[in-house]
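# this one's sequence-less:
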């Protein structure tokens, strides 16, 4: 299933993707070499992940009056960067080259350094990075003449833009930082429920979060268009029975360039275990919680979190939800799973949850090739052995 497209010099090239699935580390490097992915400045090795490519912020941010869908016109025309016309949508511009502050609750749009030239049978999907979600930064990728966010249609040729809405904290960022990532997909990647169940039987996907590393029995797993996981509201004595964190309403700026720098208690209120192992989620508050199970993603697969019941609309359980090959697994299966950290925001009404309640599910996708690099290897992965963990910018 080789793919014909035009390279930098306009000559046809072939990507050599012959299997359905998500493209792996070495294939992404090939796409870059072929000019499928281009950038205003050279793409750095640090951007390439086992199954995704980190996208970098460009030199400008536009403070917008509101969000929008670019279905009827190119984004550049809406911003006034392609001609003299500029709609009332743009309030002002911000230079990001030396760093700038984005205020919480405001909508910003940033042209990214990367652009794409996809073949007609290669599509892409973007999602926030884990750290972005844990900071309650709402982001989504926008492309020209498209009626949806984050999904990049097969055959798309053009720039990429990132909408950014800091929800809980004001943030400081600069050109070259990565808030989102994109993965490239050929054909049908999603693994069927029956195949997931067989995979769990052959190479365990779920473990109970206990000191004994006890696997979840195959007969006990729940699968229905994804693998169901539960919420942990018991915690452990070693973690002072902290079961979650709630974002404080008033706090200082978070500088995204400073790792392990900000005192956690200046920004977060710890939530301790209740006697009845329940938690009342307040509307429009932001919570960091964790899963009851530990999950593994074998090297030949990637995974993505999806809402347990999207139709109910009461609670958003995550912003970032993509797991690279090797997450919670290691190079040879030596890791007995890793807890999933959830970014939770209830809407409209208070919402009561209990320990062990089904809360979200994970869909597994197959890779087109086994990646030559896995999550947790030399790529600088931050959350390979996480428990209930805030973003890497905080010191507890």
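Looks like it came in fine. Please read these numbers as outputs of a predicted model, since none were measured by experiment. Residues are numbered from 1 along each chain as shown.

# didn't residue 383 look like it was pressed against residue 389?
Yes - in this structure, residue 383 is within contact of residue 389 by Cβ atoms under 8 Å, at 6.2 Å. (Each C-beta comes from the backbone N, C-alpha and C, glycine too.)

# who touches both of these two?
residue 341 (Cβ atoms under 8 Å, 6 or more residues apart in numbering).

# what about residue 26, is that helix, strand or coil?
helix (DSSP: H, G, I helix; E, B strand; the rest coil).

# same question, the one 4 residues further on
Reduced to three states with three-state DSSP, the structure at residue 30 is helix.

# Against residue 60, how distant is it?
31 Å (Cβ to Cβ, to the nearest Å).

# Check residue 353 too.
41 Å.

# now swap in residue 243 and tell me
41 Å.

# So between these two, which is more surrounded?
Neighbour count, other Cβ atoms under 10 Å: between residue 243 and residue 60, residue 243 has more, with 23 against 18.

# From residue 65, how far off is the more buried one?
Distance of residue 243 to residue 65, computed by Cβ to Cβ: 39 Å.

# what's the answer for residue 49, then?
34 Å.

# if you count what's nearby, which of those two comes out ahead?
residue 49 (25 against 12).

# Low-confidence regions, the stretch 251-396 of the chain specifically.
Scanning the stretch 251-396 of the chain for pLDDT under 70 picks out the ranges 307-320, 377-382.

# residue ranges for the strands of it, please.
254-255, 262-263, 268-272, 278-281, 287-295, 301-307, 315-316, 322-323, 338-346, 351-354, 358-366, 394-395 (DSSP state E, counting those that start in this stretch).

# tell me the most buried of those strands?
Of all the strands of the stretch 251-396 of the chain, strand 322-323 carries the top mean neighbour count, a mean of 26, counting by mean count of other Cβ atoms under 10 Å.

# Show the contacting residues for the closest residue to residue 161 other than its chain neighbours.
Using Cβ to Cβ, 6 or more residues apart in numbering and skipping the chain neighbours, the partner closest in space to residue 161 is residue 142 (4.5 Å). Counting by Cβ under 8 Å, 6+ apart, residue 142 touches 70, 75, 109, 149, 160-163.

# which one of these is nearest residue 37?
Comparing the contacts of residue 142 against residue 37 with Cβ to Cβ places residue 160 closest, at 9.9 Å.

# For that closest one, list the residues it contacts.
55, 111-112, 114-116, 126, 141-143, 152, 182.

# what does residue 53 give?
28, 37, 43, 47, 114, 181-184 are the contacts of residue 53 under Cβ under 8 Å, 6+ apart.

# who does it bridge with?
Residue 53 has these beta-bridge partners by DSSP bridges: residue 48, residue 182.

# Against residue 186, how distant is it?
15 Å.

# Over to residue 347?
35 Å.

# Which one's more surrounded, those two?
Between residue 347 and residue 186, counting by other Cβ under 10 Å, residue 186 is the more crowded of the two (22 against 13).
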